[in-house]
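Undergrad: I'd like to go over a predicted model; first the sequence, then the structure.
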Amino acid sequence: MTLEADVQQSWHDAIVEMFDVDLSGLTNSPADIFYFTNQLKEDGTKVQWKGETYEPLPIISAGYDKNTNGQIAQPSLTVANVLGTFTQVVASYDDLVGAKITRRRTLQKYLDGSPQADALQEFPVDIFYIERKTQETALTITWQLSNVLDLEGVKLPRRVITQNLCLWRYRSSECSYTGAPVFNSRDQVISTAGQTAQGIAVINAWYLREQRKAQLQASRQAYNQALGNQQAQCAAAVLLETKYSESSPSSFVLRSPDGPFSSGGATRFLAVFNDNSVPIGPTYRQGRQRKEVFIKFLGPAYYYEIERWGVSPGTCAAAGVTASNALAAITTAQNNLNSAEAALTAATAALPSNDPLRLSDVCGKRVSSCALRFPAQSLPFGGFPGANLTRG
């Protein structure tokens with residue numbers, strides 16, 4: 001049974017509430033994440049969930065209610081501080097303002113170590129941040145929490161959404177493009193005219209790389225065609241030989257005008273190939289009629305040539321050689337592309353930072369501009385970065 005089904009029952013296991021207190025953003029130490037809960041397991045042992053052990057600590061947290069009036073929840077978190085557990089860390093890190101608090105809930109039977117343990121069964125996770133300390137006494141400390149969208153100084157929209165214009169700074173961490181500087185603001189490859197020797201080397205290396213990419217694509221298509229032809233040639237049956245002889249070694253088909261003839265209630269049908277009785281089917285087939293005979297007690301019958309069908313070894317082998325050669329061509333094309341990529345990388349690295357080619361390297365801020373620089377990645381159609389006109 002899933003958690004969703006459990007909570008719809010008239011009775012279910014106790015809900016275990018757990019808190020992840022993430023101070024790593026304050027201390028700059030990824031290890032500074034602490035795990036607390038207000039509960040113990042039935043046997044008195046510590047709660048374990050998703051591989052983490054939650055230390056028992058008196059905690060009161062409330063105010064997670066959701067509403068439809070547009071007001072964002074601002075829960076409060078109160079922890080026991082009788083032994084001064086939090087006093088020093090609160091004083092050292094500005095009342096823990098900005099610390100990330102993750103509230104997790106699940107049913108007791110799904111906790112680690114239980115017979116029905118299942119880390120996927122949990123209520124929606126609540127993530128809040130400490131906005132301010134509201135009270136500190138000798139017994140407790142209380143904080144007010146805020147949603148990430150409700151922190152002071154945060155405004156919406158964080159970024160203006162545009163349909164046809166990219167607002168990211170070219171070659172920034174957002175843009176992430178680090179390739180060769182070969183395109184201008186009109187989405188054209190920069191001309192070699194007026195460029196330095198280093199700039200011309202970069203442009204020529206880019207053209208070579210594109211040529212090698214096209215050759216690799218063509219070699220893959222050729223291999224797919226050769227492989228399909230091989231499969232067809234090695235599976236298709238062709239006529240290998242036709243024989244007819246009534247004397248040893250005999251090869252013929254003998255049957256009545258209306259099909260297999262019978263004698264004494266038993267069906268009589270003769271198909272012989274090199275003195276061996278064979279079944280008529282995909283391999284051995286009835287060929288051209290050769291003569292008519294009259295068999296005593298059975299009536300008229302006819303002799304036919306017998307045909308042997310099968311795969312032509314020579315044709316299948318030739319198709320296999322073609323496919324093998326096509327596969328080898330892919331390896332060669334890939335090696336050529338790797339060499340061209342390395343040459344382009346080296347030419348770009350050798351290009352001075354003030355070279356005219358770099359000054360001409362300007363993004364057009366259009367979807368087409370991005371597609372030129374990231375040809376192997378899919379881009380949103382009709383809008384950038386992903387904003388499209390829709391009709392309700």
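TA: Received it, and whenever you're ready, just let me know what you need. Small disclaimer: the values here were computed from a predicted structure and weren't measured.

Undergrad: the strands in the stretch 251-392 of the chain, which residues?
TA: 252-255, 261-263, 266-268, 270-273, 276-277, 284-295, 299-310 (DSSP state E, counting those that start in this stretch).

Undergrad: wait, which of those is closest to residue 59?
TA: Closest approach to residue 59 among the strands of the stretch 251-392 of the chain (Cβ to Cβ): strand 299-310, 79.8 Å. Any C-beta I mention is one placed from the backbone N, CA and C, and that applies to glycine too.

Undergrad: who touches that closest one?
TA: Residues from elsewhere that reach strand 299-310 (Cβ atoms under 8 Å, 6 or more residues apart in numbering): 237-244, 246, 251-257, 261, 271-273, 278, 282-295.

Undergrad: returning to what we had before: of all the strands of the stretch 251-392 of the chain, which one is nearest residue 233?
TA: So among the strands of the stretch 251-392 of the chain, strand 299-310 is nearest, using Cβ to Cβ, at 12.4 Å.

Undergrad: Direction included, what does the closest one pair against?
TA: The sheet places strand 299-310 alongside strand 238-243 (antiparallel), strand 252-255 (antiparallel), strand 284-295 (antiparallel), with pairing taken from DSSP bridges.

Undergrad: returning to that earlier point: tell me the most buried of the strands of the stretch 251-392 of the chain?
TA: Ranked by mean neighbour count under mean count of other Cβ atoms under 10 Å, the strands of the stretch 251-392 of the chain are led by strand 252-255, which reaches a mean of 21.

Undergrad: Restricting to C-alpha, output that strand in PDB.
TA: The C-alpha coordinates for strand 252-255 follow below in PDB (Å, rounded to 0.1, in the frame of the first residue of the first chain):
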ATOM      1  CA  PHE A 252      11.900 -35.800 -58.900                       C
ATOM      2  CA  VAL A 253       8.400 -35.000 -57.600                       C
ATOM      3  CA  LEU A 254       5.600 -37.500 -58.400                       C
ATOM      4  CA  ARG A 255       2.000 -36.600 -57.700                       C
END
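
Undergrad: which other residues reach it?
TA: Under Cβ under 8 Å, 6+ apart, the answer for strand 252-255 is 243-246, 261, 269-272, 280, 286-287, 290, 301-306.

Undergrad: can you count the residues close to residue 178?
TA: Number of residues near residue 178 (other Cβ atoms under 10 Å) recorded here: 8.

Undergrad: Now do the SS call for it.
TA: coil (DSSP: H, G, I helix; E, B strand; the rest coil).

Undergrad: Quickly note the distance from it to residue 253.
TA: 74 Å (Cβ to Cβ, to the nearest Å).

Undergrad: what do you get for residue 207?
TA: 67 Å.

Undergrad: repeat for residue 196
TA: In terms of Cβ to Cβ, residue 196 sits 83 Å off from residue 253.

Undergrad: How about the contacts made by the closest residue to residue 220 other than its chain neighbours?
TA: Distance criterion Cβ to Cβ, 6 or more residues apart in numbering; nearest residue to residue 220, sequence neighbours excluded, is residue 330 at 5.9 Å. Contacts for residue 330 (Cβ under 8 Å, 6+ apart) come out as 216, 219-220, 223.

Undergrad: Give me the neighbour count for residue 174.
TA: Counted with other Cβ under 10 Å, residue 174 comes out at 13.

Undergrad: same question, residue 242
TA: Neighbourhood size, residue 242 [other Cβ under 10 Å]: 13.

Undergrad: Equivalent analysis for residue 88, please.
TA: Using other Cβ under 10 Å, residue 88 has 9 neighbouring residues.

Undergrad: I'd say residue 32 and residue 92 touch.
TA: No - Residue 32 is not in contact with residue 92 according to Cβ atoms under 8 Å; the separation is 11.7 Å.

Undergrad: Tell me which of the two has more neighbours.
TA: Regarding residue 32 and residue 92, a neighbour count based on other Cβ under 10 Å identifies residue 32 as having more, with 16 against 11.

Undergrad: Not including adjacent chain positions, what is the nearest residue to the more buried one?
TA: residue 23 (4.3 Å).

Undergrad: Thought residue 101 was touching that neighbour, still the case?
TA: No - Residue 23 lies out of contact with residue 101 (Cβ under 8 Å); the separation is 10.3 Å.

Undergrad: Could you work out the end-to-end span of stretch 26-38 for me?
TA: 25 Å (Cα to Cα, to the nearest Å).

Undergrad: which residues of the stretch 101-250 of the chain score low on pLDDT?
TA: For the stretch 101-250 of the chain, the stretches with pLDDT under 70 are 149-164.

Undergrad: all strands in it, in order from the N-terminus.
TA: Under DSSP E, counting those that start in this stretch, the stretch 101-250 of the chain gives strands at 126-136, 140-146, 238-243.

Undergrad: most tightly surrounded among the ones you listed?
TA: strand 140-146 (a mean of 20).

Undergrad: If you count contacts, what does that one end up packed against?
TA: strand 76-80, strand 126-136 (3 or more Cβ pairs under 8 Å, 6 or more residues apart in numbering; DSSP states H and E).

Undergrad: Taking strand 76-80 as reference, get the angle to the longest one.
TA: Okay, so that is strand 126-136. On the basis of axes from the mean of the first three to the mean of the last three Cα atoms, to 10 degrees, strand 126-136 is oriented at 60 degrees to strand 76-80.

Undergrad: Okay, now the sheet partners of strand 126-136, with direction.
TA: Strand 126-136 pairs in its sheet with strand 100-107 (antiparallel), strand 140-146 (antiparallel), by DSSP bridges.
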